[in-house]
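S.K.: sequence first, then the predicted structure:
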Amino acid sequence: MSTVHRTIQVLDLLSRRGALGVRAVANGLGLPVGSVHRLLNDLAEEQVVERDADGAWKLAHRLLGIVDRQLESVGFHRLAHPFCEVIAAEVGETVNVNVLSGDGCVVIDKVRSNDRMQLDWRVGSRGPLYCGGSGKAVLAYLSPAERRRIASQPMPGFTPHTITTSEGLLDELGRIRARGYSIDNQEIVMGVFCVAVPVLNRDGRPVGAVSISGPSTKAPGGEVMPLVARLNEVCGHVSQSLGYAGAWPPLDPQADHTEGDLACAQHG
């Protein structure tokens, strides 16, 4: 077995199982402890692996940086664009690609259909996470702590349909995780409806979303599912290209049970 082959095996094992001692690596790969020890030390000199506080070996930031630069060079909006062109032509509405940026979403690409009136955000426009299809699709898949932090902040209303309470937003985010897509019922602009699906990276963290927006009514249920299916096609493809290896769509069937619902059930 060549050194290159052994190196790839070691890196793959550490990526799957996390920090391991020399003997655990050797046993996991069926290699001599001495050979693994020398290989790990060589990799450490190149800052590809490093020891943690307990002395176990783990992947180092240099390797992660190489991977991140490769994924960044792919550019998920470039992966999504061909799909967006097909979807826009099929449904006659605008397809938007949004990226997570701080506590908001920024439109980085869009494909407009020529069939209907265009009522949407321009490329470069920034929107909040607590309302709108893409913003809520992203927020729903952030960590519980991040969801609570956003929900605890002031949420100015854009229209009478904007969710402006913490409880209302957290309930809505649970429903989004349970069904795998978000709906914007005129939350930002009256007369504009939107459905969106998140894009996830290799850690399952949302990096953006793809949405379909326009004047046609969109609500949870069977009628919107053809649009959701098209969005799942593009978002699943892009997420897998970014290293996401989980199930798609990323559903959490229990997420729509709020703390209040559970409390009522317990006291029923």
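M.R.: Received the coordinates, thanks. Residues are numbered from 1 along each chain as shown.

S.K.: confirm Cys105 sits in a helix?
M.R.: No - when DSSP: H, G, I helix; E, B strand; the rest coil is applied, Cys105 is found to be strand, with no helix at that position.

S.K.: that one contacts Gly208, correct?
M.R.: Yes - using Cβ atoms under 8 Å as the test, Cys105 is close enough to Gly208 to be in contact (7.2 Å). (Glycine included, C-beta is placed from N, CA and C.)

S.K.: find the residues that touch each one of these two.
M.R.: Asn98, Val99, Ser134, Val138 (Cβ atoms under 8 Å, 6 or more residues apart in numbering).

S.K.: mind checking which of those residues are in strands?
M.R.: Among these, the members falling in strands (DSSP state E) are Asn98, Val99.

S.K.: and of the shared contacts of Cys105 and Gly208, the nearest to Thr7?
M.R.: Thr7 lies nearest to Val99 out of those, by Cβ to Cβ, at 34.1 Å.

S.K.: count of residues packed around Phe178?
M.R.: No Phe there; residue 178 is Ala. Residues within reach of Ala178, counting by other Cβ atoms under 10 Å, total 16.

S.K.: quick check: it vs Val99, distance?
M.R.: Spatial separation of Ala178 from Val99 under the definition Cβ to Cβ, to the nearest Å is 24 Å.

S.K.: next one: Val10
M.R.: Here the criterion is Cβ to Cβ. By it, Val10 lies 34 Å from Val99.

S.K.: show me the helices in the chain, by range?
M.R.: With DSSP state H as the criterion, the chain has helices at 3-17, 22-29, 33-45, 61-74, 76-91, 133-139, 144-151, 166-179, 225-241, 259-267.

S.K.: and those helices, which one's lowest on average pLDDT?
M.R.: Mean pLDDT values for the helices of the chain show the minimum at helix 259-267, a mean of 35.

S.K.: my guess is Val99 contacts Asp109. True?
M.R.: No - between Val99 and Asp109 no contact is recorded; they are 9.1 Å apart, counting by Cβ under 8 Å.

S.K.: next, show the common contact partners of those two.
M.R.: Overlap between the neighbourhoods of Val99 and Asp109 consists of His77, taking contacts as Cβ under 8 Å, 6+ apart.

S.K.: is Glu50 bridged to anything, and to what?
M.R.: Per DSSP bridges, residues listed as beta-bridge partners of Glu50: Lys58.

S.K.: quick check: it touching Ala56?
M.R.: No - shown here, Glu50 and Ala56 do not form a contact pair, counting by Cβ under 8 Å, at 10.0 Å.

S.K.: more crowded one of Val10 and Val99?
M.R.: When Val10 is set against Val99 and neighbours are counted by other Cβ under 10 Å, the residue ahead is Val10, at 24 against 19.
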